[in-house]
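> Can you look at this prediction? I've put the sequence above it.
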Amino acid sequence: MSQSSKGLFYATITALLWGVLAIVLKVSLNYFDSYTIVWWRFTMAFTFLIAYFGIKSRRQLLILKKPPLLLLLAGLLLGVNYIGFMQGVHYAGPAVTQVMIQIGPIMLALTGFLIFKEQLTRLRAIGFFLALIGFIFFYYQQLQTIVSDVDLLNEGVIWVLTGALAWTAYAILNKILVRHISSGQINLILYGVPALLFLPFANFSSLLEIESIWEVVLLLFLGGNTLVAYGSLSLALKYADANKVSMVITINPVITFILMEVLLWNQVTWFTAPPVQAMSYVGAAMVLVGAMLAIGAIDRKKKK
């Protein structure tokens, strides 16, 4: 497996985990508030890494004594991303936030070409364009809401844009740092900084009042999801071009969409979803095909 293929494999893991995460978060909010969930996710991931390195490789923990300033900044930016996303949901609603937050990966793709001087072939450019049109189709209903409701273009959208740009900056720093620092050490700081940042906002009483094994399973999944998803993202940025990684990451809402359709088709009763327009199905297909073209997957098959 080539370095690029390895990176895209890790990016796919991240996209899949984030696709599932959206559904699990929707269920988890019935038991815990958003700040507590975010604090728990990063704290569990940080604690696991501390324990793992304490047993397997204590030298990795030395970075805690004097972490690089750029790495601390990356952790802070990741925390800002979460704050921006949650505040966006609060002020502008989840539909608008889901659309606007995609600006983060799109900006990362652009920086891949502008900062890291990554190559763009004609076929891949067509893929990016097809995926962009697909997203417009996929989010057509939400985009109508943004255009028709001027009040949404205020504090909520500003929060989401701040979160999206913070994520882009975090990913750029991660891409730079992973050349010199192991992904495990990077993630140790990336999990630790937001855990401290959200500590004052966590509602510990809700964690102490857990009554069912279902709630425990949810918390374990949330923490494990963060641990593996961001760990995979760091490795993806290490091995593959930033623009390719960003394109894979942007399909996670489509993965959520597919999973929700499968669950609803099986008549699950523990969550509800709004009706889906036919245009969303067309958009989802365009995004998937465009993503395959953009990362060179279809081109590689032809070469074989």
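Arrived safely.

> buried ones in the host helix or strand of residue 176?
According to DSSP states H and E, residue 176 maps onto helix 155-177. Within helix 155-177, the residues that count as buried by 16 or more other CB atoms under 10 Å are 156-177. Where C-beta positions appear, they are placed from N, C-alpha and C, glycine not excepted.

> Just after it, pick out the following helix or strand.
Downstream of helix 155-177, the first helix or strand assigned by DSSP H and E is helix 183-198.

> quick one: average pLDDT of that next one?
Mean per-residue pLDDT for helix 183-198: 96.

> Remind me what that helix packs against, helices and strands.
helix 34-56, helix 69-92, helix 155-177, helix 213-239 (3 or more CB pairs under 8 Å, 6 or more residues apart in numbering; DSSP states H and E).

> In TSV, list these along with mean pLDDT.
Formatted as TSV, those follow (pLDDT from 0 to 100):
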stretch	mean pLDDT
helix 34-56	96
helix 69-92	90
helix 155-177	92
helix 213-239	96
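
> possible to save these as JSON lines with distance to residue 101?
JSON lines is the format used below for these (distance: least, CB to CB, whole Å):
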{"stretch": "helix 34-56", "distance to residue 101": "14"}
{"stretch": "helix 69-92", "distance to residue 101": "6"}
{"stretch": "helix 155-177", "distance to residue 101": "5"}
{"stretch": "helix 213-239", "distance to residue 101": "15"}
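
> between these, which gets nearest to residue 111?
The closest of these to residue 111 is helix 155-177. By CB to CB, the value is 5.7 Å.

> From the contact counts, what lies against the closest one?
Other helices and strands packing on helix 155-177, by 3+ CB pairs under 8 Å, 6+ apart, are helix 69-92, helix 94-100, helix 103-114, helix 183-198, helix 213-239, helix 242-249.

> Need the winner for burial among these.
Sort those by mean neighbour count, taking mean count of other CB atoms under 10 Å, and helix 242-249 sits at the top with a mean of 26.

> if we look at that helix, which residues are touching it?
4, 7-8, 11-12, 14-15, 18, 105-106, 108-113, 116, 118, 120, 127-128, 131, 171-172, 175, 233, 236-237, 291, 294-296 (CB atoms under 8 Å, 6 or more residues apart in numbering).

> now swap in stretch 129-149 and tell me
Applying CB under 8 Å, 6+ apart, the contact partners of stretch 129-149 are 93, 95-96, 98-99, 102, 152-153, 157, 247, 250, 253-254, 257, 277, 279-280, 282-291, 293-294.

> quick one on the thing from earlier: can you lay out the helices and strands packed on helix 155-177 as TSV showing distance to residue 56?
Formatted as TSV, the helices and strands packed on helix 155-177 follow (distance: least, CB to CB, whole Å):
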stretch	distance to residue 56
helix 69-92	21
helix 94-100	38
helix 103-114	31
helix 183-198	10
helix 213-239	14
helix 242-249	27
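
> Of all those helices, which one is nearest residue 37?
Of the helices and strands packed on helix 155-177, nearest to residue 37 by CB to CB is helix 213-239, at 6.3 Å.

> close enough to count as contact, residue 255 and residue 16?
Yes: under the criterion of CB atoms under 8 Å, residue 255 makes contact with residue 16 at 6.1 Å.

> With neighbour numbers in mind, choose between these two.
residue 255 (21 against 18; other CB atoms under 10 Å).

> Got phi/psi on the more buried one?
The phi and psi values for residue 255, taken as degrees, to the nearest 10, are phi -60, psi -40.
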